[in-house]
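Peer 1: could you look at this predicted model? Sequence included:
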Amino acid sequence: MNRKQSGMTMLGFLITLAVVMFFLFCGMKLFPMYTEFYSVKKALASIASDPGSANASKDKIRALFSRHIQIDYVSVIKPEMLRIESTDTGYNLVMDYERRTPLFANLDVIAKFHAEQAVTRGSGAQ
């Protein structure tokens, strides 16, 4: 009875392991950038849902934003980066920023993020 062995060779396993480890390494570098972005979006949505924020001053909104990002341990984003535009119905909060993270050697990953939230008078979040 001749049975032929089948399966992955040691070289095939090492190549597969190297590819999987590369993608895991890239994911570990990219994950913090996206968690920061979702923290920013959550902070903007929280400000919009606050009933008094539509009538608050721009400095008060910036202070609320600062408090929210400090709670989420976001250190890269500064409150001064938040652009607050006045509208007829309240404010439009806009956050545009780039984040650069070194991947390995002289290769960097650059990600551009954009978050926008309307804060309207009388209706809360939009």
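Peer 2: Here it is on my side, so go on. Numbers count the residues shown, from 1 in each chain.
Peer 1: assign the residue nearest to the spatial centre of the chain to helix, strand or coil.
Peer 2: Note on the chain: the residue nearest the mean C-alpha position is Phe37, at 1.5 Å, using C-alpha atoms, centre = their mean. Secondary structure assignment for Phe37 (DSSP: H, G, I helix; E, B strand; the rest coil): helix.
Peer 1: and the gap between it and Phe31?
Peer 2: Distance of Phe37 to Phe31, computed by C-beta to C-beta, to the nearest Å: 11 Å. In short, each C-beta sits where N, CA and C put it, glycine included.
Peer 1: check Ala115 too.
Peer 2: Taken as C-beta to C-beta, the span from Ala115 to Phe31 is 18 Å.
Peer 1: which one of the two has more residues nearby?
Peer 2: Ala115 (18 against 10; other C-beta atoms under 10 Å).
Peer 1: list the contacts of the more buried one.
Peer 2: Contact partners of Ala115, counting by C-beta atoms under 8 Å, 6 or more residues apart in numbering, are Phe37, Val40, Lys41, Leu44, Val94, Met95.
Peer 1: which ones among those are found in helices?
Peer 2: Secondary structure defined by DSSP state H assigns Phe37, Val40, Lys41, Leu44 of the contacts of Ala115 to helices.
Peer 1: of all those, which comes closest to Asp88?
Peer 2: Of all the ones in helices among the contacts of Ala115, Asp88 sits closest to Leu44, with 19.6 Å by C-beta to C-beta.
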